[in-house]
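Visitor: got a structure for you, letters missing:
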Ligand SMILES: Nc1ncnc2c1ncn2[C@@H]1O[C@H](COP(=O)(O)OP(=O)(O)OP(=O)(O)O)[C@@H](O)[C@H]1O
Ligand SMILES: [Mg+2]
């Protein structure tokens with residue numbers, strides 16, 4: 001029994017990402033305060049919540065960003081204790097995060113960066129030419145120009161190009177759990193469709209192996225990528241779970257009525273800039 005607890009199965013679906021009572025601090029402030037979430041392969045979950053509620057903190061913690069300290073709790077995937085792994089090990093395990101603010105990597109081309117990431121995560125040894133053929137297919141799917149592959153990662157990319165680049169990485173790496181942190185922000189309506197089509201195509205191809213966690217403020221993305229589950233995060237906790245109707249309710253009424261009904265008061269940093 002003890003072994004089952006430690007290897008992370010213990011009755012949990014081993015192919016699901018299972019987050020249990022997670023608490024995370026930044027500096028001396030606890031941001032995520034007891035969060036539970038299970039994302040199974042084939043499921044699309046959306047997390048919505050006011051600015052500063054801890055959505056990106058959750059995403060960054062799952063990816064192993066050292067700025068975030070895990071105070072307690074667990075995250076399991078494929079029998080592994082995710083939070084005990086290094087970031088590159090988490091990537092190899094199949095966790096992928098499309099960042100809210102993708103960083104530039106000057107001097108490193110998209111093509112080289114992704115080939116290294118691909119070979120490392122898949123345990124393959126594709127040559128530059130072999131990899132380029134695959135990448136061109138993905139670029140075509142996402143209606144991106146081939147010249148994109150030769151550009152330095154995110155350098156001088158427009159906001160929309162950065163987000164599409166994140167989705168292209170996801171399409172290449174074929175993760176088990178894809179976390180998309182506000183991938184819709186900065187996209188014009190056509191790019192939003194292309195990005196959503198990219199995610200949906202991957203779900204069609206790999207849906208039995210991939211779970212998706214979408215962090216977004218906007219219902220409109222969820223018109224294109226349909227979640228079965230919507231969670232509302234406030235004050236570092238999921239305060240309400242539901243289906244797509246929750247996102248519609250927030251779009252219509254904002255967070256106020258829901259928070260009031262649940263008796264949740266937001267601290268200043270979450271109320272300062274509430275967006276739906
Ligand atoms: N690296 C960091 N350093 C300092 N404070 C941080 C850091 N990351 C998050 N925080 C703080 O933690 C709180 C939650 O931030 P987080 O980025 O998780 O919010 P969010 O829900 O993603 O908000 P948004 O909707 O604006 O993206 C905020 O008060 C933020 O200032
Ligand atoms: Mg955020």
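Guide: Ah, there it is. Values in this document were obtained by computation on a predicted structure and should not be read as measured data. Residues are numbered from 1 along each chain as shown. Ligands and ions are numbered 1, 2, ... in the order given.
Visitor: give the contact list for the closest residue to residue 200 other than its chain neighbours.
Guide: Here the nearest residue to residue 200 in space, its sequence neighbours aside, is residue 225; by CB to CB, 6 or more residues apart in numbering that works out to 6.2 Å. Yep, even glycine has a C-beta here, placed from its N, CA and C like the rest. Listed by CB atoms under 8 Å, 6 or more residues apart in numbering, the contact set of residue 225 reads 44, 196, 199, 200, 212, 214.
Visitor: nearest to residue 81 among these?
Guide: Ranking these by separation from residue 81, with CB to CB as the measure, puts residue 212 on top at 22.2 Å.
Visitor: that closest one is in contact with residue 43, isn't it?
Guide: Yes. Applying CB atoms under 8 Å as the test, residue 212 and residue 43 come out as touching, 7.4 Å apart.
Visitor: higher neighbour count, the two?
Guide: Neighbour totals were compared for residue 212 and residue 43, and residue 212 leads with 25 against 18 (other CB atoms under 10 Å).
Visitor: tell me which element the more buried one is part of?
Guide: Residue 212 is part of strand 211-215 when elements are defined by DSSP states H and E.
Visitor: which other helices and strands contact that strand?
Guide: strand 29-39, strand 44-48, helix 55-63, strand 177-181 (3 or more CB pairs under 8 Å, 6 or more residues apart in numbering; DSSP states H and E).
Visitor: give me the residues contacting the lengthiest helix in the chain.
Guide: With DSSP state H applied, the helix covering the greatest number of residues in the chain is identified as helix 189-206. If you take CB under 8 Å, 6+ apart as the criterion, helix 189-206 is touched by 42, 44, 141-143, 160, 163-164, 167-168, 170-171, 174, 178, 180, 183-184, 187, 210, 212, 220-221, 224-225.
Visitor: got a quick PyMOL command for the buried subset of those residues?
Guide: The following PyMOL line selects those of the contacts of helix 189-206 that are buried, judged by 16 or more other CB atoms under 10 Å:
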select buried, resi 42+44+141+142+160+163+164+167+168+170+171+174+178+180+183+184+187+210+212+221+225
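Visitor: so which of the contacts of helix 189-206 sit within helices?
Guide: When these are checked against helices (DSSP H), the matches are 141, 160, 163, 164, 167, 168, 170, 171, 220, 221, 224.
Visitor: isn't the fourth one up against residue 142?
Guide: The one in question is residue 164. Yes. Applying CB under 8 Å as the test, residue 164 and residue 142 come out as touching, 5.9 Å apart.
Visitor: so how far is residue 200 from the residue nearest to residue 184 when sequence neighbours are not counted?
Guide: Leaving aside its sequence neighbours, residue 184 sits nearest to residue 221 (CB to CB, 6+ apart; 4.2 Å). Residue 221 is 12 Å from residue 200, where distance means CB to CB, to the nearest Å.
Visitor: same check, this time on residue 177
Guide: Computed as CB to CB, the residue 177 to residue 200 distance reads 17 Å.
Visitor: compare those two (neighbour count), which wins?
Guide: Between residue 177 and residue 200, residue 177 has the larger neighbour count (other CB under 10 Å), namely 25 against 16.
Visitor: who's the more buried one bridged to?
Guide: Following DSSP bridges, residue 177 is listed with bridge partners residue 95, residue 211.
Visitor: I'd say it and residue 209 touch.
Guide: No. Distance between residue 177 and residue 209: 10.0 Å, which falls outside the contact criterion (CB under 8 Å).
Visitor: related to what we said a few turns ago, now the helices and strands packed on strand 211-215 as CSV including mean pLDDT and distance to residue 205?
Guide: Rendered in CSV, the data for those read as follows (pLDDT from 0 to 100; distance: least, CB to CB, whole Å):
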stretch, mean pLDDT, distance to residue 205
strand 29-39, 97, 18
strand 44-48, 97, 14
helix 55-63, 97, 23
strand 177-181, 95, 13
